[in-house]
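1. Okay, sequence plus prediction incoming.
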Amino acid sequence: MTCVSASFLCFSCIYYAPHTRTNQTAGFNSTEHVKGSYQIAFGERKRKKAIHPSMNFIEAVKNYRVKNNHFPQDLWNLENDCDYNRTAFRTMREIGFTSLSIEYIYLDSMVIAFQHDPVKMPYMDGKKGDPIGMVSTGKFIFTYNRDSSSFMYNRMMD
């Protein structure tokens, strides 16, 4: 099947790609070039952009940093600091973050590496369906500015 939709941009050419093939699997479009080059489908990029930590987790890291004046040395200390942090870690596991590890720690920043597995989405009848998405890895970079007491995080995907 040839895709003549203007929504797929051919990166090896200047014009829109009538020479791409669209495969529909699990309800999502994936596009690849017929002539040998490869293009990431827009759906995959959107799914990667949708990966974020829970607000509970961000607040747990912020509260630990403000309360102890340093970032945690390991995730066990962060998780077992209080009930709110345990709930935050449980929420992170429920939304698909299976592997969290601290990559490095400085006085004003901390990097947490993660692996995000696709989560099975429930259907209307309550049964669990097929996982939607792909296994993704990346890093959360948390920074704290002592002067202005501002706390922020950034996400980098591998």
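-> Cool, got the structure.
2. nearest residue to Glu103 other than its sequence neighbours?
-> Val111 (4.3 Å; CB to CB, 6 or more residues apart in numbering). All C-beta spots, glycine's among them, are computed from the backbone N, C-alpha and C.
3. again with Glu59
-> Here the residue nearest Glu59, using CB to CB, 6+ apart, is Ala88, at 7.1 Å.
4. Give me the neighbour count for the one you found.
-> 22 (other CB atoms under 10 Å).
5. Run through the residues that contact it.
-> Contacts for Ala88 (CB atoms under 8 Å, 6 or more residues apart in numbering) come out as Ser54, Asn56, Phe57, Glu59, Ala60.
6. just curious, which of these is nearest to Glu103?
-> Proximity of these to Glu103 (CB to CB) peaks at Phe57, which lies at 16.1 Å.
7. follow-up on the earlier one: wouldn't the residue nearest to Glu103 be in contact with Ser101 here?
-> No. Contact criterion CB atoms under 8 Å: Val111 and Ser101 do not qualify, at 9.7 Å.
8. The two: which is more packed in?
-> Set side by side, Val111 and Ser101 show more neighbours around Val111, with 18 against 11, by other CB under 10 Å.
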